[in-house]
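Q: sequence-free structure coming up:
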């Protein structure tokens, strides 16, 4: 929890206490941004920018979420802005027609190395925000409410979006010549 001396205290005391938060959370924030950028050096720089931005805006921290969730939201926005400046070839879920694919429990059973590789390839083609949604929900086991805070979106619409992403990824795998491939659950 953010102490009152960080938010209301003098800058020297706040900086000392804030250094503890940076030390405590920097690894998680760097890992978080690395998943979006696939570049450790960029992730470290973006994370540093997020911590500086958070320090300069501590007065806006409202305890609506944990400090880690709050700093993750700032890091998410920093990283998205960075990635938007670059040119990438992503598959945009909203710009493509999703064939009506029935998804069965078998499609989400854990699989072999080939299935994992197919999933990772499909995941890499997603735009950064969709990719991060998948990571936060399936890999980090974050609840939709917390993800909604980080991504500044409605929790209910995130559930629908996750379903559409899964369908699109399954379609991508099948189109890739892997007609018999099964889609595995993320973990």
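A: Everything's here; your move. Not measured: the values here are computed from a predicted model.
Q: from the contact counts, what lies against the helix ranked longest in the chain?
A: Looking across the chain with DSSP state H, the single longest helix is helix 11-37. Helices and strands touching helix 11-37, by 3 or more Cβ pairs under 8 Å, 6 or more residues apart in numbering; DSSP states H and E, are helix 4-8, helix 40-56, helix 67-84, helix 128-134. The way it works is simple: take the backbone N, C-alpha and C, and place the C-beta from them, glycine included.
Q: quick one, which of the ones you listed gets closest to residue 156.
A: helix 128-134 (13.7 Å; Cβ to Cβ).
Q: helix or strand right after the closest one?
A: Downstream of helix 128-134, the first helix or strand assigned by DSSP states H and E is helix 144-151.
Q: show the average pLDDT along the helix or strand following that next one.
A: Going down the chain from helix 144-151, the next helix or strand is helix 155-175, by DSSP H and E. The average of the pLDDT scores along helix 155-175 is 88.
Q: list the buried residues of helix 155-175.
A: Applying a neighbour-count criterion of 16 or more other Cβ atoms under 10 Å, one finds 158, 161-162, 165-174 buried in helix 155-175.
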